[in-house]
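Student: Fold the following for me, if possible:
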Amino acid sequence: MKIRYHKNFLKQYSRLPIKLQMSVEKTIAIFQVNPFHPKLNNHRLSGQLKDQRSIPVTGDIRIIFEESDDYAFMSFVSQYTMFLTKVLTLYILYLYKVNNINTKI
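Tutor: Below is the predicted model:
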């Protein structure tokens, strides 16, 4: 399977420590041979990302991608806990706004 990389993926990848970059490369190499290798735990996402899939690299690092007939478009590599923290922060800010609570964060 051919792989294309979004510029955000490349930017986020370049910010990872070398050891994690090597883990991402190893995961992608396995993916190219067999996208549904049991070690990859390749799974479909839900909600706003329902058209995308995820492959965990480590406990915290995920590769988010979309599949086409002959290629995969790697769009995002992120630390999962950082992603959840951002979502939680946005939700808290939303609750403050809905309840008319003034705060500086």
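
Student: Mind jotting down where the helices sit in the protein?
Tutor: 7-15, 18-33, 80-98 (DSSP state H).

Student: what helices or strands is the first one leaning on?
Tutor: Other helices and strands packing on helix 7-15, by 3 or more C-beta pairs under 8 Å, 6 or more residues apart in numbering; DSSP states H and E, are strand 71-79. All C-beta spots, glycine's among them, are computed from the backbone N, C-alpha and C.

Student: If you average pLDDT per helix and strand, which one of this protein comes out bottom?
Tutor: Lowest mean confidence among the helices and strands of the chain (mean pLDDT, DSSP states H and E): helix 80-98, at a mean of 63.

Student: what bridges to the nearest residue to Asp51 once chain neighbours are set aside?
Tutor: Leaving aside its chain neighbours, Asp51 sits nearest to Glu66 (6.3 Å; criterion: C-beta to C-beta, 6 or more residues apart in numbering). Partner residues in beta bridges with Glu66, using DSSP bridges, are Phe73.

Student: do Arg53 as well
Tutor: Arg44, Phe65.

Student: count of neighbours near it?
Tutor: By the criterion of other C-beta atoms under 10 Å, Arg53 has 17 neighbours.

Student: and it, what pLDDT?
Tutor: With respect to pLDDT, Arg53 scores 89.

Student: try Asn42
Tutor: Looking at Asn42, the pLDDT reads 93.

Student: does it really touch Pro35, like I thought?
Tutor: Yes: between Asn42 and Pro35 there is a contact under C-beta atoms under 8 Å: 6.0 Å.

Student: With neighbour numbers in mind, choose between the two.
Tutor: Asn42 (18 against 15).

Student: What's the separation between that one and Gly59?
Tutor: Look at Asn42 and Gly59: by C-beta to C-beta, to the nearest Å, they are 17 Å apart.

Student: Dihedrals phi and psi, Asp69?
Tutor: Dihedral angles of Asp69 (phi, psi; degrees, to the nearest 10) stand at phi -60, psi -40.

Student: Just give the number of residues close to it.
Tutor: Asp69, neighbours per other C-beta under 10 Å, totals 5.

Student: burial count for Leu10?
Tutor: Quick note: Leu10 (other C-beta under 10 Å) scores 12 neighbours.
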